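1. model the following, please.
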Amino acid sequence: MSINFKTIPKVELHLHLDGSVPLELLSNYINKDASSIAQAPDKCQNLADYLTKFDLPIDYLKHKVNLKDASYQLSKDLENDGVIYAEVRYAPNLLLSSELDLNETIKTILEGFSLGNVKINLILCMMRHHSYEENLEVINVAEKYLNKGVCAIDLAGDEEHFPTSNFEELFKIAQEKHIPYTIHAGEVNLKDSLASAISFKTTRLGHGIQAINYPDLLAQIIDKKILLEICPTSNIQTNVIDTYDKHPIKQLDEQGALISISTDNRTVSNITLSDEYAKLNKYFNYTIQDFCRFNLNAINSSFLSNKEKQELTNIILEYMNKSI
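-> Take a look at the predicted model:
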């Protein structure tokens, strides 16, 4: 039976705004086709090579009108993809310009989202290569807008050269301020990075796939019900996984890890969530029931209120009952 993946109600928790600026907007911005500049090849040399594709969209987003347009267009793309809730992340300090301060970036993005029909919350990223003071500013502005369009913070960037352990103090401050967080860790194969993120009491891991290589850490992830925000196509492109059929998602799932599926970067990876589901169906025989299960995991681990979680859960369960 063929599956119309677009009709499955979806929840996307790991989605970067700067990696998801619609290609048409970027092409108009530079007056030529931006695909070779803003889209990664099927296989990059490494994560650093993949990240070069963000230079153009970050430059584009430093203009207020562009930031609003991109946010609105992303909300439309999500709606067209069957997404019913998304948590979109970005690094405010990367978008600072003569037109935008930290507060303005948040207000402008939320204004763009409000023009669409999908519920979207923001996750603010601290960057590994930024100073303690810069990252503390992100925590403080997140506190200001918490539950007003901002739902959490994150730590992103070069996991290999800026150890997760360096950021313990910042996450302690986030805890004291009752700001939820997820942490990019376990994308590259570094045991210490994963161990630090777990010790910081994160409830979610951005990627986290390398846990398959460390049974002791995977056992902790499963025991603590830490959600893995898995983005398979991105993992192949950044060359942390060789080929799609060798992705550890099935092993992680079968061993009891909580899995959710996201695109990571819709434009840079040239992927939709429906496309990702189709790949997972092709390579691992995942079914509608499995995708609904992953979306229920995402809802349970989202940074929403219990009431909002229940509303989304009802949508998924209703779809499941119709599809049986």
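2. buried stuff in the helix or strand encompassing residue 137?
-> Here residue 137 sits within helix 132-145, counting by DSSP states H and E. For helix 132-145, a neighbour-count test (16 or more other C-beta atoms under 10 Å) marks 134-139, 141-142, 145 as buried. Glycine gets a C-beta too; all of them are placed from N, C-alpha and C.
3. and stretch 221-237, by the same measure?
-> Neighbour count says stretch 221-237 has 221, 226-237 buried, by 16+ other C-beta under 10 Å.
4. pipe these into a markdown table and attach secondary structure, distance to residue 277 and pLDDT per row.
-> Shown next, in a markdown table, are the buried residues of stretch 221-237 (DSSP: H, G, I helix; E, B strand; the rest coil; distance: C-beta to C-beta, whole Å; pLDDT from 0 to 100):
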| residue | secondary structure | distance to residue 277 | pLDDT |
| --- | --- | --- | --- |
| 221 | helix | 23 | 98 |
| 226 | coil | 23 | 98 |
| 227 | strand | 18 | 98 |
| 228 | strand | 17 | 98 |
| 229 | strand | 15 | 98 |
| 230 | strand | 12 | 98 |
| 231 | coil | 13 | 98 |
| 232 | helix | 10 | 98 |
| 233 | helix | 11 | 98 |
| 234 | helix | 15 | 97 |
| 235 | helix | 16 | 96 |
| 236 | helix | 16 | 96 |
| 237 | helix | 18 | 96 |
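5. residue 198 is in contact with residue 225, isn't it?
-> No - contact criterion C-beta atoms under 8 Å: residue 198 and residue 225 do not qualify, at 11.8 Å.
6. contacting residues around the closest residue to residue 212 other than its chain neighbours?
-> Excluding its sequence neighbours, the residue lying closest to residue 212 (C-beta to C-beta, 6 or more residues apart in numbering) is residue 248, at 4.0 Å. Residue 248 makes contact with 209, 212, 241 under the criterion C-beta atoms under 8 Å, 6 or more residues apart in numbering.
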